[in-house]
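K.L.:
Starting from these lines, generate the structure:
(chains A, B, C and D)
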Protein chains: 2
Amino acid sequence: MKELVEFRAEILKALGQPTRLKIVDFLRDGERCVCEIFPAIGEEQSNTSRHLNVMLAAGVLSRRKDGLKIYYAIKHPEIIEVVDIVTGIVKLEIYGRHSLLKAVG
Amino acid sequence: MKELVEFRAEILKALGQPTRLKIVDFLRDGERCVCEIFPAIGEEQSNTSRHLNVMLAAGVLSRRKDGLKIYYAIKHPEIIEVVDIVTGIVKLEIYGRHSLLKAVG
DNA sequence: TCACTTCATGACCATATAGTCATATAGTAA
DNA sequence: TTACTATATGACTATATGGTCATGAAGTGA
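P.N.:
From the prediction side, this is the model:
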């Protein structure tokens, strides 16, 4: 059986890729079909489909079928929290690096 | 210049690997030197060193030298938050899957 | 039936990653 | 100096990943 640490890593890894993060950002306001997602993030449909599947498998997204369209949504609101906290950390990091640059040169 | 989305992905990716997650878990209580970390997580010294470097570069860990030893610590308390939230999500996921298994057969 | 739309997937390629082993580097202490 | 400890890194291997292009599968509607 898969270890807890591997499940945790799988979720974080699923979120730790620029294209997938863009998808999560786009899904913030609610579910969207693939046909809306891939133009919004500027990626090919096939590539988008693969990334959606990675996040679906990790438990990051959920999926709903409606006729021809397949709607993906963020599965747990906690995912948004995680992404927001990380965004905050990045801002701290960037501020820190800029201050350092200023201090050095 | 690197995009914000890439910084965010870098942090999440740095956390999204079982060996690195074990390191973060071990560093919860405060800084530790490499010589404490690698036996604690059961990995080789060289491999541990590489993973520490990945997290250092991503801004997940900080580093402090003291004589021969190098102490690593979690750089931002928010990292712990992220990891904890993800652990919560995993528990929801595992519960969901088990319920499904029970419901199915 | 046929044409069309939406999404998933097979085949493939280039690159990245995790890990191992041996070695280099830096600091300590005799 | 020499010997030792702690950490980092070069060289390498096997596998994973992200992406593209072409095609398949499923649903819709004429």
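K.L.:
wait, residue A:74 sits on residue A:60?
P.N.:
Yes: with contacts counted by Cβ atoms under 8 Å, residue A:74 reaches residue A:60, the gap being 7.1 Å. For glycine as for every other residue, the C-beta is placed from the backbone atoms N, C-alpha and C.
K.L.:
higher neighbour count, these two?
P.N.:
Counted by other Cβ atoms under 10 Å in any protein chain shown, residue A:74 and residue A:60 do not tie: residue A:60 has more neighbours, with 26 against 20.
K.L.:
Find the nearest non-adjacent residue to that one, please.
P.N.:
Of all residues not flanking residue A:60 in the chain, residue A:14 sits nearest, at 4.9 Å (Cβ to Cβ, 6 or more residues apart in numbering or on different chains).
K.L.:
Help me confirm that that neighbour is found in a strand?
P.N.:
No: counting by DSSP: H, G, I helix; E, B strand; the rest coil, one finds residue A:14 to be helix, located in no strand.
K.L.:
Quick check, pLDDT for residue A:40.
P.N.:
For residue A:40, the model assigns a pLDDT of 98.
K.L.:
any idea which element it lies in?
P.N.:
According to DSSP states H and E, residue A:40 maps onto helix A:34-41.
K.L.:
so where is chain A shaky, pLDDT-wise?
P.N.:
Scanning chain A for pLDDT under 70 picks out the ranges A:1, A:100-105.
K.L.:
Nearest the middle, which residue of it would you pick?
P.N.:
Chain A has residue A:21 as the residue nearest its centroid, 3.2 Å off, counting by Cα atoms, centre = their mean.
K.L.:
who touches both of residue A:74 and residue A:60?
P.N.:
Common neighbours of residue A:74 and residue A:60 (criterion: Cβ atoms under 8 Å, 6 or more residues apart in numbering or on different chains): residue A:24.
K.L.:
need the longest helix for chain A.
P.N.:
Identified as the longest helix of chain A according to DSSP state H is helix A:77-104.
K.L.:
next one: that helix to chain centre, how far?
P.N.:
Offset of helix A:77-104 from its chain centre (Cα atoms, centre = their mean, to the nearest Å): 17 Å.
K.L.:
what residues does chain A put near chain B?
P.N.:
Residues of chain A lying near chain B by Cβ under 8 Å from any Cβ of the partner chain: A:3-18, A:20-22, A:25, A:59, A:76, A:78-79, A:81-83, A:85-90, A:92-94.
K.L.:
could you redo the last one with a cut-off of 6 Å?
P.N.:
Proximity of chain A to chain B is confined to A:5-9, A:11-13, A:15-18, A:21, A:59, A:76, A:78, A:81-82, A:85-87, A:89-90, A:93 under the rule Cβ under 6 Å from any Cβ of the partner chain.
K.L.:
and DNA strand D, which of the residues you listed contact it?
P.N.:
Among those, the residues lying close to DNA strand D (Cβ under 7 Å from any atom of the strand) are A:13, A:17-18.
K.L.:
Just the closest of those residues to chain B, please.
P.N.:
Nearest to chain B among those, counting by Cβ to the nearest Cβ, is residue A:13 at 3.1 Å.
K.L.:
Quickly note the distance from the closest one to residue B:30.
P.N.:
Plainly put, residue A:13 is 26 Å away from residue B:30 if you go by Cβ to Cβ, to the nearest Å.
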